[in-house]
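> What follows is a predicted protein model with its sequence.
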Amino acid sequence: QLVESGGGLVQPGGSLRLSCAASEITLHYYAIAWFRQAPGKEREGVACISSGVGNTNYTDSVKGRFTTSRDSAQNTVYLQMNSLKPEDTAVYYCAANLRTLGLVCSYSEMDHWGKGTLVTVSS
């Protein structure tokens, strides 16, 4: 139900925009979160956006560099990533919570996951 796209290879300091599209659910009504998993590391939360008004929250390491937003007409959630660093290299996943209104950011509270898209930051 969730499909990520937009990953790729980018140089340090560059930008990428990831997309999370849904085919069977209307993303406006659900909390969406972005997670990433680097090789040999646990999956970590990156950003999340609430249902409805679209309140957002970010992990400290990406604050000021990453922005998540939603385009309800396109039924897509985006993760704009600027000033990328090598440590941002990971597979990025979007996930949805279908049970709770508001902002949901916890891995354990997600109901549906995409398959991920690889982001590599390297010169």
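Right, received. Where do you want to start? Numbers count the residues shown, from 1 in each chain.

> Helix, strand or coil: sort out the residue nearest in space to the middle of the chain for me.
Residue closest to the average C-alpha location in the chain (Cα atoms, centre = their mean): residue 34, at 2.7 Å. Under DSSP: H, G, I helix; E, B strand; the rest coil, residue 34 falls in the strand class.

> That one pairs with what?
Beta-bridge partners for residue 34, by DSSP bridges, are residue 47, residue 94.

> measure it to residue 123 for me?
24 Å (Cβ to Cβ, to the nearest Å). C-beta coordinates here come from the backbone N, C-alpha and C atoms, glycine included.

> Residue 79 now?
Where residue 123 is concerned, residue 79 sits at a distance of 22 Å (Cβ to Cβ).

> With neighbour numbers in mind, choose between these two.
Higher neighbour count among residue 79 and residue 123: residue 79, with 26 against 8, using other Cβ atoms under 10 Å.

> Just list what the helix-or-strand element of the chain with minimal mean pLDDT packs against, helices and strands only.
Least confident element among the helices and strands of the chain, by mean pLDDT, DSSP states H and E: strand 112-113 (a mean of 94). On a contact count with 3 or more Cβ pairs under 8 Å, 6 or more residues apart in numbering; DSSP states H and E, strand 112-113 meets strand 90-97.
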